[in-house]
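Chemist: Predicted model and sequence below, questions to follow.
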Amino acid sequence: MVQPNPALYPPLGYVFTDPQSGQDFVGTDWDDLAQQIENYRRANGLPVGKPLEECHRDYCRRHPRFCADPRRRVSVSVSSTSLGQRVVAWVARLFAAAMPLPVDQQTAEARAAICARCPQQTEWRASCGCSIAAVKSMKREWLRSAKRKPTKKTEELKACGALGEECSFSVWAEQKVKDTGQPRSCWRLVK
């Protein structure tokens, strides 16, 4: 069976629309995505099927050049996804997942202080082009609608090289993520 290349981050992230229900899912990786689908189907009395295979099949149908049969050895030259592309895809997934209200100001300030000291802070804006304005506008409107002010560290924050998130934005979001190599001091890992 053809599968996504595990060394590549999907262009739009780990997303799937369930053909049985029309429900959209956004995961942190393929296994998380499949688990969400399985949980949803069980909770709603739907046939579980094989969510991971369905996700792979759907993804490979939409992005065949990022997939291969793992039993075949093929030499392929593939360009990597820039941090800017990962950030824009993260923002798109965040908004596609029906954004909740931002966390409170004190929580965001504490998170921003941790991010500002993090060695994973990486400049991403130069690799992204015009998408920067869209990201800033979306963040500004989201915070304005929730009556929140930018954190004191907003201007110091860049992107997280480990997670592919725009940090001045992510400190406001309540999301679950898996350990992807971020430093032990990361607020995402602190419970």
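Modeler: Good, I have the coordinates. All figures in this text were calculated on a predicted structure; none of them were measured in a lab. Numbering: from 1, shown residues only.
Chemist: quick one, domains of the chain?
Modeler: 3-68, 83-170 (automatic domain parsing).
Chemist: Mind checking the ones you listed for the one nearest to Arg184?
Modeler: domain 83-170 (10.8 Å; C-beta to C-beta). (C-beta placed from N, C-alpha, C; glycine too.)
Chemist: Report the separation between the two terminal residues of the closest one.
Modeler: 15 Å (C-alpha to C-alpha, to the nearest Å).
Chemist: Show me the shaky parts of the protein.
Modeler: Within the chain, the stretches with pLDDT under 70 are 70-80, 95-100, 125-136, 142, 176-181, 190-191.
Chemist: so where do the helices sit in it?
Modeler: 30-43, 51-62, 83-96, 105-116, 131-145, 167-170 (DSSP state H).
Chemist: Among these, which comes closest to Ser185?
Modeler: helix 105-116 (6.3 Å).
Chemist: Enumerate the positions of that closest one that are buried.
Modeler: Neighbour-count burial for helix 105-116 flags 108, 110-112, 114-116 (criterion: 16 or more other C-beta atoms under 10 Å).
Chemist: Glu123 reaches Lys158, doesn't it?
Modeler: Yes. Using C-beta atoms under 8 Å, Glu123 is in contact with Lys158, at 5.3 Å.
Chemist: between the two, which one's more packed in?
Modeler: Lys158 (19 against 11; other C-beta atoms under 10 Å).
Chemist: Output the domains of the chain as TSV; include the columns distance to Trp187.
Modeler: Formatted as TSV, the domains of the chain follow (distance: least, C-beta to C-beta, whole Å):
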stretch	distance to Trp187
domain 3-68	16
domain 83-170	5
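Chemist: Pick the most buried one from those domains.
Modeler: domain 83-170 (a mean of 17; mean count of other C-beta atoms under 10 Å).
Chemist: on that earlier part again, using JSON lines, lay out the helices of the chain together with distance to Ser21.
Modeler: Shown next, in JSON lines, are these (distance: least, C-beta to C-beta, whole Å):
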{"stretch": "helix 30-43", "distance to Ser21": "8"}
{"stretch": "helix 51-62", "distance to Ser21": "12"}
{"stretch": "helix 83-96", "distance to Ser21": "16"}
{"stretch": "helix 105-116", "distance to Ser21": "33"}
{"stretch": "helix 131-145", "distance to Ser21": "27"}
{"stretch": "helix 167-170", "distance to Ser21": "29"}
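Chemist: Contacts only, for the residue nearest to the spatial centre of the chain.
Modeler: What sits nearest the mean C-alpha location of the chain, by C-alpha atoms, centre = their mean, is Trp90, with 4.0 Å. The contact partners of Trp90, taken as C-beta atoms under 8 Å, 6 or more residues apart in numbering, are 13, 163-166, 170.
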